[in-house]
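Trainee: All I have is the shape, not the residue letters:
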Ligand SMILES: [Zn+2]
C-alpha cells in the first residue's frame with residue numbers, strides 16, 4: 001500500500017520524506033532520518049524537523065515514512081531490455097504435456113496478446129504424450145492469422161506456423177538446420193544456427209510499436225522491482241529506434257544507458273553522429289563487443305582446456321587485432337567499451353587492448369574466470385568489472401567444467417573488492433532473474449542454500465550485504481560514469497530511490513531475496529506503483 005501522505009495535492013516542486021530509516025549510502029553505511037526533494041534532485045538530507053521546516057517555508061508537501069526503509073534505486077549495469085520485454089509478453093510453455101494442450105493455450109494466448117507476433121518459449125517434446133515434435137501444421141490449427149514463433153526449452157530449437165514461415169521466407173532457406181519431412185517440405189522446425197537467425201529475423205519483422213510496448217513493459221516491471229536505471233548491453237538498431245521513440249515521447253519510467261552492438265557502431269559512425277548523445281533519461285554511452293562465448297556452451301575462451309572436454313579451449317569470436325582497432329577508435333570518440341570476456345584467455349585480450357588506451361574507465365562484462373596474475377593487471381589497468389552474481393546459482397555445474405584446480409578462479413567477487421578493482425552488479429536479464437534482491441541474495445549467500453558445489457570451494461568470496469548493495473548502486477553508477485549523479489541519496493544527486501518493506505542489513509541472509517519494494521521514485525516522481 002502506498003505510504004500515506006499528510007497533504008493531498010498534486011506533486012509539488014518540494015517534497016519532504018520524514019521519519020524513515022534512509023540508507024543514503026552503503027560503503028560506508030550512512031543512515032539519515034529524512035530528506036527533501038526539490039524538482040528532480042535531492043535538496044537536503046538530515047533530520048525530520050529540518051525537512052518539515054524546509055517544506056513549510058517552500059510550500060511543499062510531506063510524506064511520513066513511518067519508520068520505513070529507503071535506499072538509493074538499483075542500477076542494473078548489464079541487461080537486455082527488449083529481450084526481457086519480449087519474454088514478459090511471451091507464452092510460457094514449460095510443463096505443457098501434450099501437443100493438444102499446446103494448441104489450446106496457444107489459441108487462448110493469441111487472442112489476448114496485444115502484439116503482432118505471437119511468441120512462446122519452453123516447450124519440451126519429451127513431456128508430450130504424442131512423443132513427437134510439434135509442427136507448423138499443429139500451430140496452424142491453433143493460430144493461422146498471426147505469425148507464431150515458439151522456442152524449445154533449451155533455446156536451440158523452435159517451431160513456426162505457416163504464416164511466420166511465409167513472412168520470413170523460411171522455405172527458401174536451404175539449410176540443414178531447417179528441418180524437412182520425407183517429401184522435402186519444411187516442417188516449421190528450425191534448430192541451432194537457423195533457430196538464432198530466424199529469431200533475429202522475427203525481431204526485425206516486429207512493428208516499432210510492438211518493440212516499444214515490450215521495452216515499456218520491461219521498464220515498468222524493473223521499476224516495480226526497485227530498478228531505477230539500466231544499461232542495455234549490445235543494443236540493436238531496432239531496439240535503439242524503439243528506445244529513441246519512447247524517450248522522445250517522455251515515456252521511459254526509468255533511466256536507460258546504451259552500449260550499442262558492434263554492428264550498430266559501424267552503422268552510426270558512418271553517419272558522422274557525435275557520441276555520446278542523449279540526456280538524463282536516455283544516453284548512448286558506448287559500444288559492446290564479444291571476445292568469447294559462455295562456459296555453459298564451452299565456448300568461453302580459456303588458457304587451459306575444459307575439464308569435461310580436454311580437446312577444447314573455447315572460441316575467440318573477435319580476433320585481438322580487430323578488438324584493438326575497435327577499442328582505439330571507440331576510445332578516441334569518447335565512447336566507453338564494454339567487452340564481453342568470460343574466459344581468462346579472453347580477459348588477457350581485453351586487458352592487452354585496454355592497457356594501450358589513454359582513457360581508463362572501460363568495462364569488462366562478466367570476468368567469470370580470473371587468474372591470480374590477472375588480478376594484478378586488473379589493479380593496474382582498473383577497468384570496471386560488470387559481474388552477474390546470480391550466475392553463481394545459475395551455473396551450478398561450473399566446477400565440473402573448469403576442474404577443482406581452477407574453481408578458485410571463478411566469480412571471485414571478494415578478491416576484486418579487496419584489491420580495489422571497480423565492480424558493478426547486474427543481471428544479464430532475461431538470462432538471470434531481473435529482481436535485484438535475487439542478485440543481492442546470490443552475492444551474499446553464494447549458493448549455500450541451493451547446495452551449489454562452487455560454494456564449498458569459494459565460500460570466502462561471499463560479500464557482506466552492505467557491500468553487495470554498494471556495488472548495485474554506487475558501483476553500477478561508477479560503471480556508467482555517473483557516480484556524481486546516481487547511486488546514493490546525497491544533496492545534488494538525482495532523486496532516484498526506493499521504499500522497501502524491511503531492513504536488508506537486519507534480515508537473515510536467506511531472506512534477502514524476499515525483500516519487497518513498496519514504491520520506486522525516479523527524478524523525485526513516483527514511477528511505481530504508477531500514480
Ligand atoms: Zn548480456
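Mentor: Now that the structure is in, tell me what you want to look at. Everything numeric in this text was worked out from a predicted model, so none of it was measured.
Trainee: check contacts around residue 462.
Mentor: 414, 443, 444, 445, 446, 448 (CB atoms under 8 Å, 6 or more residues apart in numbering). C-beta coordinates here come from the backbone N, C-alpha and C atoms, glycine included.
Trainee: Find the nearest non-adjacent residue to the closest residue to the ion within the chain, please.
Mentor: With CB to the ion, the shortest gap between the chain and the ion falls at residue 428, namely 4.3 Å. Leaving out its chain neighbours, the residue that sits closest to residue 428 by CB to CB, 6 or more residues apart in numbering is residue 388, at 4.8 Å.
Trainee: what sits against the one you found?
Mentor: Contacts of residue 388 by CB under 8 Å, 6+ apart are 78, 366, 425, 426, 427, 428, 431, 432, 439.
Trainee: Does the fifth one belong to a helix, a strand or coil?
Mentor: Assigned state for residue 427: coil (three-state reduction, DSSP: H, G, I helix; E, B strand; the rest coil).
Trainee: pretty sure it contacts residue 74?
Mentor: No - contact between residue 427 and residue 74 fails when scored by CB atoms under 8 Å: they sit 9.7 Å apart.
Trainee: Residues that sit against both of the two, list them.
Mentor: Shared contacts of residue 427 and residue 74, counting by CB under 8 Å, 6+ apart, come down to residue 436.
Trainee: quick one, phi psi at residue 145?
Mentor: Dihedral pair for residue 145: phi -100, psi -10, per degrees, to the nearest 10.
Trainee: The stretch 301-450 of the chain: helices as residue ranges?
Mentor: 320-332, 344-355, 372-381, 391-394, 398-402, 413-418, 436-445 (DSSP state H, counting those that start in this stretch).
Trainee: circling back: now, of the contacts of residue 462, which are buried?
Mentor: Neighbour counting by 16 or more other CB atoms under 10 Å classes 414, 443, 444, 445, 446 among those as buried.
Trainee: Residue 295: how many residues sit nearby?
Mentor: 23 (other CB atoms under 10 Å).
Trainee: just the one 4 residues further on next, same as before
Mentor: Neighbouring residues of residue 299 were enumerated by other CB under 10 Å; the total is 19.
Trainee: Flag the shaky bits of the stretch 201-350 of the chain, pLDDT-wise.
Mentor: Nowhere does the stretch 201-350 of the chain drop to pLDDT under 70.
Trainee: Residue numbers of it in contact with the ion?
Mentor: residue 233 (CB under 5 Å from the ion).
Trainee: Where do the strands of the stretch 201-350 of the chain begin and end?
Mentor: 227-235, 255-261, 277-278, 282-290, 336-341 (DSSP state E, counting those that start in this stretch).
Trainee: Check which strands are paired with the second one and give the direction for each one.
Mentor: Strand 255-261 sits in its sheet next to strand 227-235 (parallel), strand 282-290 (parallel), going by DSSP bridges.
Trainee: for the shortest one, same thing?
Mentor: Note on strand 277-278: by DSSP bridges, its sheet partners are strand 282-290 (antiparallel).
Trainee: Can you pull out the residues in contact with the strand it pairs with?
Mentor: 231, 233-235, 240, 243-244, 247, 252, 255-262, 264-265, 275-278, 317-318, 323, 326, 330, 335-340, 363, 365, 480-481.
Trainee: In it, which of the residues would be classed as buried?
Mentor: 282, 283, 284, 285, 286, 287, 288, 289, 290.
Trainee: How about the fifth one: what's its closest non-neighbour residue?
Mentor: Taking CB to CB, 6+ apart, and ignoring the residues beside it in sequence, residue 286 has residue 336 as its nearest neighbour in space, at 3.5 Å.
Trainee: can you check the third one too?
Mentor: Counting by CB to CB, 6+ apart, the nearest residue to residue 284 once its immediate chain neighbours are dropped is residue 258, at 4.6 Å.
Trainee: if we can go back for a sec, pretty sure the residue nearest to residue 286 sits against residue 257.
Mentor: No - with contact defined as CB under 8 Å, residue 336 does not count as touching residue 257 (9.3 Å).
Trainee: Can you tell me how far residue 193 is from residue 175?
Mentor: 8 Å (CB to CB, to the nearest Å).
Trainee: And residue 381, by the same measure?
Mentor: Taken as CB to CB, the span from residue 381 to residue 175 is 42 Å.
Trainee: Repeat that for residue 426.
Mentor: Residue 426 is 34 Å from residue 175, by CB to CB.
Trainee: quick one on the thing from earlier: need the strands paired with strand 255-261 in TSV with distance to residue 186, can you?
Mentor: Formatted as TSV, these follow (distance: least, CB to CB, whole Å):
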stretch	distance to residue 186
strand 227-235	30
strand 282-290	31
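Trainee: and residue 168, how many neighbours?
Mentor: 20.
Trainee: Now it. Its backbone dihedrals?
Mentor: phi -90, psi 0.
Trainee: you'd agree it is up against residue 199?
Mentor: No - judged on CB under 8 Å, residue 168 makes no contact with residue 199 at a distance of 10.1 Å.
Trainee: Pull the contacting residues for the most centrally placed residue in the chain.
Mentor: Closest residue to the average C-alpha location of the chain: residue 79 at 2.0 Å, with CA atoms, centre = their mean. For residue 79, the contacting residues are 230, 231, 232, 233, 426, 427, 428, 429, 434, by CB under 8 Å, 6+ apart.
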